[in-house]
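>>> Here you go, sequence then predicted model.
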Amino acid sequence: KAGVTQTPRYLIKTRGQQVTLSCSPISGHRSVSWYQQTPGQGLQFLFEYFSETQRNKGNFPGRFSGRQFSNSRSEMNVSTLELGDSALYLCASSLNSYGYTFGSGTRLTVV
Amino acid sequence: GQQVMQIPQYQHVQEGEDFTTYCNSSTTLSNIQWYKQRPGGHPVFLIQLVKSGEVKKQKRLTFQFGEAKKNSSLHITATQTTDVGTYFCAGYDNYGQNFVFGPGTRLSVLP
C-alpha cells in the first residue's frame, strides 16, 4: 500500500513569506502529526490531528498552524517565515498511535 | 517541561560488536517508542513498549522499558553495516500532549 506522501519535496521561500506543506497519510490512518527536524534542535513535535481536530500540540509559536480534511489529508502552514524556520518538515500517520509512519519530508529553505 | 536524553550521542563500533543506547526521561512516560533514521532518510518505527519492565526482541535488537517507566534501552547484538543510522526514543509527556523525541544516538559500523 502507498506510504505517507509529502509535497513538495523541496521549497525555497523568502523571509516574511508564508508556506503551506501537504501530507497524504496512509489510507485508513486518521491520525496525522507534523514534526520539524533541524541539526541543532533535532526532531520536534509540532501538532497532531485526528478526525479533523487538533488533538495534541507542541511548543511552537502560533505562526505554525495546521488542519486536517475529511479525507485525513493534512496541511501545515507557516506564516511570516524566519530564517530559523529552515528545516526538514516531516509528516507521520498512524492508525491508533501505535507507532508512526513517516513521509520523506519537505525540506524548506528560508532565504 | 519534559526532557528526554539519550546516551551516547555517537557510537562507532566494529562490525560484529554489540551496541547499546540508553534513553532517559525527566518524567514518567506512558509508553516509549523507538525509531531508526538512516542517513538522508526519514524515521522508521521500530517498536513500542508500554508495560513497566517490558522487554521485547526483534531478531538482533532487544528493547527494554525501565521499571519506573522513565528509561529505556536498545541493544543490538553483533552489529552489521545495515544497522548504521540514528536511533531515537520518543514518548508522550505527562499530559499526553507533547510527543517528545530524544536527541538520538548516531551509530557507525566499520566493516
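Good, I have the coordinates.
>>> give me every residue that touches the residue nearest the centre of chain B.
The centroid of chain B falls nearest to residue B:89 when counting by Cα atoms, centre = their mean (4.2 Å). Neighbour list for residue B:89: B:4, B:6, B:21, B:23, B:32-35, B:72, B:74, B:101-102 [criterion: Cβ atoms under 8 Å, 6 or more residues apart in numbering or on different chains]. No exception for glycine: its C-beta is placed from N, CA and C like everyone else's.
>>> partner residues bridging it?
residue B:34 (DSSP bridges).
>>> Lowest mean pLDDT among the helices and strands, pick that one out for chain B.
Here the helix or strand of chain B ranked lowest by mean pLDDT, DSSP states H and E is strand B:99-101, holding a mean of 90.
>>> Parallel or antiparallel, list what pairs with it.
strand B:85-92 (antiparallel).
>>> Can you tell me the centre-most residue of chain A?
Centre-most residue of chain A, counting by Cα atoms, centre = their mean: residue A:34, 3.5 Å.
>>> count of residues packed around the residue lying closest to that one once chain neighbours are set aside?
The spatially closest residue to residue A:34, leaving aside those adjacent along the chain, is residue A:46, at 4.1 Å (Cβ to Cβ, 6 or more residues apart in numbering or on different chains). Per other Cβ atoms under 10 Å in any protein chain shown, the neighbour tally for residue A:46 reads 22.
>>> Does residue A:46 touch residue A:33 like I think?
Yes: Residue A:46 is within contact range of residue A:33, at 7.5 Å (criterion: Cβ atoms under 8 Å).
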